[in-house]
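sharing a sequence plus its predicted fold:
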Amino acid sequence: MSDLFLGAPQQEHHEAPPPSRRSRRDSQEQRAKQKKHRRRRSVVVLLLALVLVGGAGFVVWSVFGDLFSGGGSADETVQDYPGPGSGEVQVTVASGDSGGAIGQTLVDAGVVATVNAFTSAYAANPAATGIQPGTYGLQLEMKASDAVAALLDPANRVSNRVTIPEGYTAKQIYQRVYEVTGITVEDLEAAAADPAEIGLPAEAGGNVEGWLFPATYEVEPGSSAASVLTQMVGRTTALLTSKGVAQDQWETVLNKASIVEREGKLDEDRAKMARAIQNRLDIEMPLQIDAINAYGLGISGTELTYADTSQAQPPYNPYNSYKVPGLPPTPIANPGEVSIDAVLNPADGPWLFWVTVNLDTGETKFAETYDEHKVNEAELREWQAANQ
């Protein structure tokens, strides 16, 4: 018998068979799937976090974005031209315009790239709030900061400066305005014929003479005739108001002041002349002032003749101050402030007459009696004879 069958049976011992190649491959694939799943889960978490942060940022920008963008829309970026610009364009800054309003005007005209660029430059320049209303000549495609500086430079202001001397009549004023601005005399006359349109007070009786204050005016391009006359009338009413003149006395003050303006040669004589005029009115003496007669005839004082002042029969020219007592029907010129002040504060004195005895220096002598006045007139005749 074989030894294999003898004695007690032996316990079997089984060793685990070596893993097959397939089982190892399955295990590796399982671990790879788990690792890939973890990576995918991490990416998802990261994306969710970014979305949350981005959403919060969008909310913050939506609420506070205007603080960073100068008040423009949230999606508008600040763009600016590099400058210096080219060509030329005129833009008008209206009274009361804010920086944003000016910026929009410049954007519309092609001067600056965006409103935000201009408002940023405006805020950065402390002097920008001093930009004055008016029309300006600027370039196209300017750097915003250069545009702000250009608006602050008076040299870029486009306007017609009209200076009206004291003592001009309305007709002379119309001609001066036409020569400087091109606004026609006919348009100015038509505007003057509409008292309500130019703010002429009722006390004027519909006549602008005396109410067009002599001063220097800036007339913007495109201004109407009515707007020019409105400025002048407004200056007169503002001055009378500031001096405390009762409104029912406005026309009377201007009437007297217009005579003083046309007759006075030196400012220091105007208060004495105002007193002499009032002294004549107080005793109902005809004013007998050549400037009044000349105005009524539409001629200069040097053209006035004896026949013009000595009408024998009525009806008299209402401006014939030798025949018609009292003040003329209207002022005879547009007086300045010095002449108005002379009427409001006349000098104390008994004078009834005056005559300029030296036409070069303007020296004027006053007299209480006619005999004194004749002596002064003789002095004038001597001067004229010596200076022909």
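Right, received. Where do you want to start? Numbering: from 1, shown residues only.

what number of residues lie near the residue lying closest to residue 289 once chain neighbours are set aside?
Excluding the flanking residues, the one nearest residue 289 by Cβ to Cβ, 6 or more residues apart in numbering is residue 321, at 5.0 Å. The C-beta positions use only the backbone N, C-alpha and C, and glycine is treated the same way. By other Cβ atoms under 10 Å, the residues close to residue 321 number 27.

likewise the one 3 residues further on?
Around residue 324 sit 21 other residues, with neighbours defined as other Cβ under 10 Å.

tell me where the stretch 51-200 of the chain has strands.
86-93, 134-140, 160-163 (DSSP state E, counting those that start in this stretch).

hey, which of those is tucked in deepest?
Of all the strands of the stretch 51-200 of the chain, strand 134-140 has the most neighbours on average by mean count of other Cβ atoms under 10 Å, namely a mean of 19.

any idea of the mean pLDDT in that one?
Taken as a whole, strand 134-140 has a mean pLDDT of 89.

residues making contact with that strand?
The contact list for strand 134-140 (Cβ atoms under 8 Å, 6 or more residues apart in numbering) reads 84-93, 106, 109-111, 147, 150-151, 156-159, 218, 220-222.

now that strand - C-alpha only, PDB.
Extracted as PDB, the C-alpha positions of strand 134-140 are listed here (Å, rounded to 0.1, in the frame of the first residue of the first chain):
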ATOM      1  CA  GLY A 134     -22.500 131.500 -23.100                       C
ATOM      2  CA  THR A 135     -21.400 130.200 -26.500                       C
ATOM      3  CA  TYR A 136     -17.900 128.800 -26.900                       C
ATOM      4  CA  GLY A 137     -15.700 127.900 -29.900                       C
ATOM      5  CA  LEU A 138     -14.200 124.400 -29.200                       C
ATOM      6  CA  GLN A 139     -12.500 121.700 -31.200                       C
ATOM      7  CA  LEU A 140     -13.900 118.300 -32.100                       C
END
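
got the contact list for the closest residue to residue 331 other than its chain neighbours?
Leaving aside its chain neighbours, residue 331 sits nearest to residue 210 (2.8 Å; criterion: Cβ to Cβ, 6+ apart). Applying Cβ under 8 Å, 6+ apart to residue 210 gives the contacts 204, 236, 251, 254-255, 257-258, 330-335.

residue 210 looks like it's in a strand, true?
No: Residue 210 is assigned coil when assessed by DSSP: H, G, I helix; E, B strand; the rest coil, not a strand.

dihedrals phi and psi, it?
Main-chain dihedrals, residue 210, degrees, to the nearest 10: phi 90, psi -20.

write the ChimeraX selection for whichever of the contacts of residue 210 are buried.
To isolate the buried members of those in ChimeraX, using 16 or more other Cβ atoms under 10 Å:
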select :204,236,251,254,255,257,258,330,331,332,333,334,335
